[in-house]
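J.: have a look at this fold, sequence not included:
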């Protein structure tokens, strides 16, 4: 496996009451391609979290932009 590094940029957290939150951010994923050249992919992501029984659970995920990192 090639090393992968992920950075979350400009996270925006929106609290929805005490038991829900939405976070939106830009994900930069850096990796080495098959020719050992560094590559960076960017995508925009949103996650919705809900607190159930005192534990936060991710209940929705959306990604726009680049697909998953090639293997």
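T.: Received, thanks. Keep in mind that this is a model prediction, so the values were computed, not measured.
J.: please make it C-alpha for all contacts and neighbour counts, starting now.
T.: Fine.
J.: could you check how far the helix or strand where residue 64 lies is from the centre of its chain?
T.: Per DSSP states H and E: residue 64 is located in strand 55-65. On the basis of C-alpha atoms, centre = their mean, to the nearest Å, strand 55-65 sits 8 Å off its chain's mean C-alpha point.
J.: elements contacting it?
T.: strand 38-52 (3 or more C-alpha pairs under 8 Å, 6 or more residues apart in numbering; DSSP states H and E).
J.: ok, residues contacting the strand it packs on?
T.: Strand 38-52 is contacted from outside by 19-33, 56-67, 69, using C-alpha atoms under 8 Å, 6 or more residues apart in numbering.
J.: and stretch 52-66, average pLDDT?
T.: Averaging pLDDT along stretch 52-66 gives 95.
J.: show me where pLDDT drops low in the protein?
T.: 1-3, 67-71 (pLDDT under 70).
J.: helix or strand for the closest residue to residue 48 other than its chain neighbours, which one?
T.: Spatially, and ignoring its direct neighbours in sequence, residue 48 is nearest to residue 22 (4.4 Å; C-alpha to C-alpha, 6 or more residues apart in numbering). With secondary structure defined by DSSP H and E, residue 22 is part of strand 20-32.
J.: just checking, what packs against that strand?
T.: Going by 3+ C-alpha pairs under 8 Å, 6+ apart, strand 20-32 lies up against strand 4-15, strand 38-52.
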